[in-house]
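Peer 1: pasting a predicted model and its sequence here:
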Amino acid sequence: MPREIRLNAFVMNAPVHQSPGLWRHPRDRATSFNRLDLWLDLARLWERGLFDGVFLADVLGPYDVYGGDARAAVAHAAQLPANDPMLLIPAMAAVTRHLGFGVTVSLSYEHPYPLARRFSTLDHLTGGRVGWNIVTSYLDSAARALGQSRQRAHDDRYALAEDYMEAVYKLWEGSWEEGAVLADRASGRYADPDRVHVVRHESRHLQMEALHLVEPSPQRTPVLYQAGSSPAGLAFAARHAECVFVSGPSAAVIRPRVARLRQALAEAGRTPDSVKVFALATAVIGRSEAEAREKLAEYRSYVDPVGALTLMGGWLGVDFSSYALDQKIRYIDNDAGRAAMENFTRADPGRDWTVREAAEHVAIGGAGPVFVGSGRAVAEEMAAWAESTGVDGFNLAYAVLPESFEDAVSFLIPEWQARGLYKTAYAPGTLREKLSGGSRLLSPPHPAGLARMSQSAF
């Protein structure tokens, strides 16, 4: 039986996400990102297309590597302005019944106590449809904005993340026992205080003595997304993630990353298929190959090269304003995104990227592949790509909003459904149940499940 392809919409609460300059396209609605009606329309569209969820990207701090300041990011809307993505979720949840919400929140600059409260609240309000894309941030501008001289070193950020996850698991899983909420009108007791615990956490990074303010939500711990491909990122994903987001320009880049992740999961005592892997991709679809090619050419006429280089500078930690366009990109070990750096340097030994080539590539849909053609052709190519790389599905970026997603719903998804590769109805239950086919709660050996089983230890 063919494996079902999973699909998330990949968006950001900003006028530009992965396709700089396309906000100027006459059919694009991304400049309405400040208006709730855009997000409600999108949520309805994604649910009509049976998307597993929407993956909401976010970044703290402006992209200020290009040219040494944020002027280019401001002028070219390079993921700036960027509104808070969490505030969109209750509104979109109100007009949908099944769509999941994976939201990016950095743990580097916030204590776990208020973050755990917000996620528990969202899990209640969505009926168990929320997930957390765990990031540690990669811009020095974010660190400076929050009172630090610069971000922590790359592997130090993951050491903090391990500590942080232990603390939030204690709150989500260990503070309130199952059955603690009584809501007994006759006795007047809302909850049993003997089954609600103060949890304690003492470490080099964090100190906490807290009773979680929110009663257990449908999933307790939100579905956990993660996107690291470095050795430290892989180790973290193998221990914590339920979904992993990978990005790279070709199957040759993605295939070994997926294999390394599956191996890391096995070494961590988890089954290799216990994590769903989503690859970044963009689809430009027409009723025919010719129409799709014409559409891509039209999209490219709106590309903003400086905006693309501004985004690349932030992702790779390199100021491309001082590079010649035909200069080769060489690997530099820094504290920005190491997987992003490898994408255009040594991840594919058969390919040398110039600055111009990389900028042209990321200008439509970011660092992932762009599939172009009729619905049938794109469906076949993406399915073969997923089979070749071992990914479970895609984080589908857009060129023009909402046109790219409308085309996917109209032309791509029906082709997958006809081949038995895509669901024809949502499964019942929480986001975790829909994705895994299992329980709404995490279980051992996952550390969240272990935390729930060890309440007396706190």
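Peer 2: Looks like it arrived, so ask away. Numbering: from 1, shown residues only.
Peer 1: would you map the helices across the stretch 251-400 of the chain?
Peer 2: Applying DSSP state H, counting those that start in this stretch to the stretch 251-400 of the chain gives helices spanning 251-267, 289-300, 305-316, 338-343, 355-362, 375-389.
Peer 1: hmm, who's touching the first one?
Peer 2: Here helix 251-267 makes contact (C-beta atoms under 8 Å, 6 or more residues apart in numbering) with 229, 234-235, 237-238, 244, 246, 248, 271-275, 277, 279, 339, 342-343, 347-348, 350-351, 369, 385, 388-391. C-beta here means a position set from N, CA and C on the backbone, and glycine is covered the same way.
Peer 1: make a PyMOL selection of the buried ones in these.
Peer 2: The PyMOL command for the buried members of the contacts of helix 251-267 (criterion: 16 or more other C-beta atoms under 10 Å) is given here:
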select buried, resi 229+234+235+237+238+244+246+248+272+274+275+277+279+339+342+343+347+348+369+385+389+390+391
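Peer 1: phi, psi for the closest residue to residue 355 other than its chain neighbours please.
Peer 2: Nearest residue to residue 355, sequence neighbours excluded (C-beta to C-beta, 6 or more residues apart in numbering): residue 323, at 4.8 Å. Per-residue torsions, residue 323: phi -100, psi 140 (degrees, to the nearest 10).
Peer 1: pLDDT wise, what is residue 323 at?
Peer 2: Note on residue 323: pLDDT of 89.
Peer 1: could you give the number of residues near it?
Peer 2: 17 (other C-beta atoms under 10 Å).
Peer 1: so it makes contact with residue 354?
Peer 2: No - counting by C-beta atoms under 8 Å, residue 323 does not reach residue 354; the two are 9.1 Å apart.
Peer 1: next up, the contacts around the closest residue to residue 210 other than its chain neighbours.
Peer 2: Leaving aside its sequence neighbours, residue 210 sits nearest to residue 113 (C-beta to C-beta, 6+ apart; 5.4 Å). Contacts for residue 113 (C-beta under 8 Å, 6+ apart) come out as 171, 208, 210.
Peer 1: could you report the pLDDT at residue 138?
Peer 2: 80.
Peer 1: in this protein, where's the longest strand?
Peer 2: Taking DSSP state E as the criterion, the chain has its longest strand at strand 276-286.
Peer 1: that strand - contacts with which helices or strands?
Peer 2: Under the contact criterion of 3 or more C-beta pairs under 8 Å, 6 or more residues apart in numbering; DSSP states H and E, strand 276-286 touches strand 6-12, strand 243-246, helix 251-267, helix 289-300, strand 370-374, helix 375-389, strand 393-397, helix 403-407.
Peer 1: neighbouring contacts of the second one?
Peer 2: Contacts of strand 243-246 with the rest of the structure, by C-beta under 8 Å, 6+ apart, involve 55, 102, 131, 133, 223-227, 229, 237, 254, 257-258, 261, 275-280, 339, 391, 395, 435.
Peer 1: 7 Å - rerun?
Peer 2: Residues outside strand 243-246 that contact it (C-beta atoms under 7 Å, 6 or more residues apart in numbering): 223, 225-227, 229, 237, 254, 257-258, 261, 275-279, 391, 395, 435.
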